[in-house]
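In: predicted coordinates and the sequence they were generated for:
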Amino acid sequence: MERSFKDDKRMFQKKLVDIMEKTKDSFMIQNEEASVKYYEAELKQLSESLMKSISGGTFFVPGGHSLYLEARNKFKQDYKLVPRKGVKANQVLQSFLQSQAGVEEAILQADQALTDADKAMAAECAKKDAAKREQELLREKQNEEEQKMEVQERSFKENLAQVQEKMDRERENLRREQETMLEHKLKMQKELLTEGSKKEAEALSKEIDQLKEGIQTTEKSFNISDVLDMMSMALIAVLPGAYKVLGMGLKLISDRKKGAEKPY
């Protein structure tokens, strides 16, 4: 036995140490490989929701980069809660995050592009809304102006009817007075001629002619259509914009009244 285990040069001890070192290295390699596989499996399971959101386009929207960072941070927090932490846990995580760098950059670029597009679209919508509102305000103002003009036209027509009635009444009264005076003068002239007062009868002829002329003047005196003509010309000359329509309307009413006054 003493001869068998005699190891003066420690050759056996060296071989034993070498074998142990190789066994240790092999075990560590196997342990690391097992650790990597374990954490890769855990990571794959935990990242499944994140990867589905990426492939489904969840983050390719305005503000998508913030949504992506929020989802990624949740995944990282969940990964830290995985039990049996080993030496390769952080290495597996960092490797995964590095593999997602290109995806994150694409999401960021899409976010910026879509956000800019949304801003431009929002600005265009605001511009269209402002133009639409301006048109509505213009229509409202136009409607108000038209209503005012309708009220003014209605009031004018009512006043016009009253003026027409008053003028007709005054003209008729004046004509009757003139005709009564004419009848009286003609009667006086006839009586003078009967009595033989030819000179006095001839003197009345001048008064009779003046009365006849006065009656004709009264019949042709200023009528409402003449008043309308003058008013319409004045309104068209001085009123701005849409109000000129009022003057043109008066002219149309005047022309119609003149047509109605012409004998058939």
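Out: Perfect, thanks for sending it.
In: contacts, neighbours, all on C-alpha from now
Out: Noted.
In: now L97, what's its secondary structure?
Out: For L97, the secondary structure call by DSSP: H, G, I helix; E, B strand; the rest coil comes out as helix.
In: distance of it relative to S53?
Out: L97 sits at a distance of 16 Å from S53 (criterion: C-alpha to C-alpha, to the nearest Å).
In: try K190
Out: Counting by C-alpha to C-alpha - K190 and S53 are separated by 123 Å.
In: next: E153.
Out: Per C-alpha to C-alpha, E153 is found 70 Å from S53.
In: and what of E70?
Out: 12 Å.
In: those two: which is more packed in?
Out: S53 (15 against 11; other C-alpha atoms under 10 Å).
In: excluding residues flanking it in the chain, which one is nearest that one?
Out: The spatially closest residue to S53, leaving aside those adjacent along the chain, is F59, at 7.1 Å (C-alpha to C-alpha, 6 or more residues apart in numbering).
In: can you tell me the SS state at the one you found?
Out: Assigned with three-state DSSP, F59 falls in the coil class.
In: could you list every residue that touches it?
Out: Residues counted as contacts of F59 (C-alpha atoms under 8 Å, 6 or more residues apart in numbering) are S53, H65, L67, Y68, I107.
In: 7 Å - rerun?
Out: H65, L67, Y68, I107 (C-alpha atoms under 7 Å, 6 or more residues apart in numbering).
In: show me the shaky parts of the chain.
Out: Where the chain drops to pLDDT under 70, the residues are 1-32, 84-87, 221-264.
In: after the lengthiest helix in the chain, which helix or strand is next?
Out: When the chain is scanned for its longest helix (criterion: DSSP state H), the result is helix 101-195. For helix 101-195, the following helix or strand on the C-terminal side (DSSP states H and E) is helix 198-219.
In: mind listing what's buried in that following helix?
Out: The neighbour-count check on helix 198-219 (16 or more other C-alpha atoms under 10 Å) flags A201, L204, I208, L211, K212, G214, I215 as buried.
In: so the fourth one sits right up against H184, yeah?
Out: Spelled out, that is L211. No - judged on C-alpha atoms under 7 Å, L211 makes no contact with H184 at a distance of 10.9 Å.
In: for D111, the count of nearby residues, please.
Out: Neighbour count for D111, taken as other C-alpha under 10 Å: 20.
In: count the residues that sit near E172.
Out: For E172, the neighbour count with other C-alpha under 10 Å is 14.
In: scratch that, H184
Out: Using other C-alpha under 10 Å, H184 has 13 other residues around it.
In: for G57, what are phi and psi?
Out: Backbone torsions for G57, taken as degrees, to the nearest 10, come to phi 80, psi 20.
In: what about it, how many residues nearby?
Out: Residues contacting G57 under the criterion other C-alpha under 10 Å number 11.
In: also Q112?
Out: 17.
In: before we move on, what about N143?
Out: Residues within reach of N143, counting by other C-alpha under 10 Å, total 12.
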